[in-house]
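In: make a model of this:
(2 chains)
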Protein chains: 2
Amino acid sequence: DIFRSWQALAEQNEQVDNAFWQGKRLLITAGPTFEDLDPVRFLGNRSSGKMGFALAEQAAKFGAEVTLIAGPVNLATPDKVTRIDVRSAQQMFAAVQENYQQADVFISAAAVADFRMTESSEQKIKKQDGQEGLTLNLVKNPDIVAWVAEQADKPFVVGFAAETENVIDYALSKLQRKKLDMICANQVGENLGFESDVNQLTLITSTKQKALVDSLKRQQAQQLLQFLAEQL
Amino acid sequence: DIFRSWQALAEQNEQVDNAFWQGKRLLITAGPTFEDLDPVRFLGNRSSGKMGFALAEQAAKFGAEVTLIAGPVNLATPDKVTRIDVRSAQQMFAAVQENYQQADVFISAAAVADFRMTESSEQKIKKQDGQEGLTLNLVKNPDIVAWVAEQADKPFVVGFAAETENVIDYALSKLQRKKLDMICANQVGENLGFESDVNQLTLITSTKQKALVDSLKRQQAQQLLQFLAEQL
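Out: Now for the predicted structure:
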């Protein structure tokens, strides 16, 4: 009957994906990093982690062995995914350094903070009477995805570029500058990207560009893994 | 039987509370405020909003009319509570200014950011090649609880002081400096306070101090409302 045919077709499609991803080892970072100023205050960013978690979930369904390094997010661990929780960029960097050599593919979907405090204060910073302003001196964080792309034994490296303007141009320049194998250009704006279930993504390698139709991050994760499989 | 007696006693206890809080109007702020640097980055703090939400829930159960002004938190609105969502300190201040005159009691349980960016950038701030540091210039946010305490038609004003050290001394000085009617001193530390279900609270007025036993924020909300009722 019709339902059985549809189900068989669906299973066949999954088989095709499985065939490629079965046993492949993916290392994925997801979510924001929070950089503590003191025990109370932090510098954060709006990444929800949904894209990275959707990729981890989908890849695991396709039979890949997935390690997910997650910043502070409110998301459940997908089935069959190994999760490592971190807070700061430095913690995420350490977890990536420990795990990248076991990976066939590294997907850097996290929105890593560019800067952190020179030193986090162990006590809450108190404002003084009559103090009208505060100056924060920040230093650059390690560039995790660029570091992985520089290693001799590097996996296939996929980055993300989230921008409010000129996203394709910026993504292309980031791909070249950081020597990435692939980059996902992510247009951020009204109801798009951060903290949202929908996304406007363009997948870019040195020779190809593929714009995905606006859709749910879940479905885009499938399309992204499909496109990625064609590059490997 | 025993169950009936226990139930009757419990209902009687609730009646006592109800008698006082029935129809009283409470304005409560809860959660952190997030100060945007640009569409992606923000300065945040670790308040979960649990204490303010527990107070709102309990007061509504006691029959009070509760308006809850909530910063960015992941918490469901308690039954029969009117909720106003805000993000920044300035938005919270505007919501308080609109609502304080209708309140008998104002409880400032929110962890309002002391400072914000001079101006939030509408486009994502890009780091430049070779840029090794970033300096953020912040300005003071309005002091919401002090502003309410200064008004001629002010409600009974309750503040919170969350500190990692010398919390009672600091709370007493804040009570006097800001002319609050009552302050709740909150010891923040390992497994205490921020992002936690447990809390170490001392309730302070100009003439009284009452240390609550370590316990769940829910139970403390009841004790706090009880103590508060005795001051009104």
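In: give the buried residues for stretch A:56-64.
Out: A:A56, A:E57, A:Q58, A:A59, A:A60, A:K61, A:F62, A:G63, A:A64 (16 or more other C-beta atoms under 10 Å in any protein chain shown). Glycine gets a C-beta too; all of them are placed from N, C-alpha and C.
In: helices and strands of chain A: which one has the lowest mean pLDDT?
Out: Scoring the helices and strands of chain A by mean pLDDT, DSSP states H and E places helix A:2-21 at the bottom, with a mean of 62.
In: A:Q209: how many residues sit nearby?
Out: 12 (other C-beta atoms under 10 Å in any protein chain shown).
In: what about the closest residue to it other than its chain neighbours, neighbour count?
Out: Of all residues not flanking A:Q209 in the chain, A:T202 sits nearest, at 6.2 Å (C-beta to C-beta, 6 or more residues apart in numbering or on different chains). Per other C-beta under 10 Å, the neighbour tally for A:T202 reads 17.
In: do the same with the one 3 residues further on
Out: A:T205 sits with 17 neighbouring residues when counted by other C-beta under 10 Å.
In: does it really touch A:L228, like I thought?
Out: No. Here A:T205 does not reach A:L228: they are 9.7 Å apart, not a contact under C-beta atoms under 8 Å.
In: now list whatever residues contact both of these two.
Out: A:M182 (C-beta atoms under 8 Å, 6 or more residues apart in numbering or on different chains).
In: so how far does stretch A:19-34 reach from one end to the other?
Out: 38 Å (C-alpha to C-alpha, to the nearest Å).
In: er, stretch A:140-159 actually
Out: 19 Å.
In: identify each buried residue in that stretch, please.
Out: Here stretch A:140-159 shows A:140-141, A:143-146, A:148-149, A:154-159 as buried, counting by 16+ other C-beta under 10 Å.
In: adding distance to chain B, write these out as CSV.
Out: Output for those, formatted as CSV (distance: C-beta to the nearest C-beta, whole Å):
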residue, distance to chain B
A:K140, 5
A:N141, 10
A:D143, 10
A:I144, 15
A:V145, 14
A:A146, 12
A:V148, 19
A:A149, 17
A:K154, 22
A:P155, 26
A:F156, 26
A:V157, 20
A:V158, 20
A:G159, 15
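In: can you pick out the most distant pair from those residues?
Out: A:K140 and A:F156 (26.0 Å; C-beta to C-beta).
In: contact residues of chain A facing chain B?
Out: A:34, A:39-46, A:74, A:111, A:113-115, A:122-124, A:127, A:131-140, A:162-165, A:188-189, A:194 (C-beta under 8 Å from any C-beta of the partner chain).
In: among those residues, which are located in strands?
Out: A:41-45, A:115, A:133-140, A:162-163 (DSSP state E).
In: per-residue confidence at the closest residue to A:Q187 other than its chain neighbours?
Out: In this structure, A:Q187 finds its nearest non-sequential neighbour in A:Q200, 4.1 Å apart by C-beta to C-beta, 6+ apart. For A:Q200, the model assigns a pLDDT of 84.
In: go on, A:T164?
Out: pLDDT at A:T164 comes out at 77.
In: point out where chain A drops to low pLDDT.
Out: A:1-18, A:120-122, A:126-130, A:189-199, A:214 (pLDDT under 70).
In: separation between the residue nearest to the spatial centre of it and chain B?
Out: Nearest to the geometric centre of chain A sits A:A109, at 0.8 Å (C-alpha atoms, centre = their mean). To chain B, A:A109 is 15 Å away according to C-beta to the nearest C-beta, to the nearest Å.
In: let me see the contact set for that residue.
Out: A:I28, A:T29, A:A30, A:M51, A:G52, A:L55, A:F160, A:C184.
In: helix or strand for the nearest residue to it once chain neighbours are set aside, which one?
Out: Counting by C-beta to C-beta, 6+ apart, A:A109 lies nearest to A:G52, which is 3.5 Å off, once chain neighbours are set aside. In this structure, A:G52 sits in helix A:50-61 according to DSSP states H and E.
In: repeat for A:Q223
Out: Secondary structure (DSSP H and E) places A:Q223 in helix A:217-231.
In: understood, closing this out.
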